[in-house]
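Q: please work out how this folds:
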Amino acid sequence: MRKFFIGMDDPHLCHRLPAAFVSVNRLRRRRGPFAVGEWVMDSGAFTTIAKHGGYPAPPSEYAAEIRRWKNNGHCLRPSPRTGCVSPICLSELA
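A: Numbering: from 1, shown residues only. I've put the predicted structure just below:
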């Protein structure tokens, strides 16, 4: 059986879904935990690269966010911090 993870703009609404996909960009501003069942932490690569032309923060900052949120709900995994091959991102890097 396949499970679909729905991207959530506001983490406080995740409790309404059986599986959520939440960007670390939305979690950085949170002060505390949020109600969620199964979820995947998105690295926010597309938005970050499109906005900044790369990663302004070192990988250790993303690792700290993973440690911070890994026990909130049932975090299945964090997405890797990757590059972006979208034309929008590539034009930012040129």
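Q: is it true that Ile66 touches Val40?
A: No. Judged on C-beta atoms under 8 Å, Ile66 makes no contact with Val40 at a distance of 11.5 Å. Every C-beta, even on glycine, is put in place using the N, C-alpha and C of the backbone.
Q: quickly list what's touching both of the two.
A: Taking C-beta atoms under 8 Å, 6 or more residues apart in numbering as the contact rule, Ile66 and Val40 both touch Pro78.
Q: who's in contact with Glu65?
A: Applying C-beta under 8 Å, 6+ apart, the residues near Glu65 are Val24, Leu27, Arg28, Met41.
Q: secondary structure of it: a helix, I assume?
A: Yes. Assessed with DSSP: H, G, I helix; E, B strand; the rest coil, Glu65 lies in a helix.
Q: that one and Lys3, how far apart?
A: Separation of Glu65 from Lys3 (C-beta to C-beta, to the nearest Å): 23 Å.
Q: Pro59 too?
A: Per C-beta to C-beta, Pro59 is found 28 Å from Lys3.
Q: over to Asn71?
A: Taking C-beta to C-beta, one finds Asn71 at 20 Å from Lys3.
Q: please apply the same query to Trp69.
A: Trp69 is 20 Å from Lys3, by C-beta to C-beta.
Q: ok, and the helix or strand in this protein with the lowest average confidence?
A: Lowest by mean pLDDT, DSSP states H and E among the helices and strands of the chain is helix 87-93, with a mean of 60.
Q: do you know how far Gly44 is from Pro56?
A: Distance from Gly44 to Pro56, by C-beta to C-beta: 12 Å.
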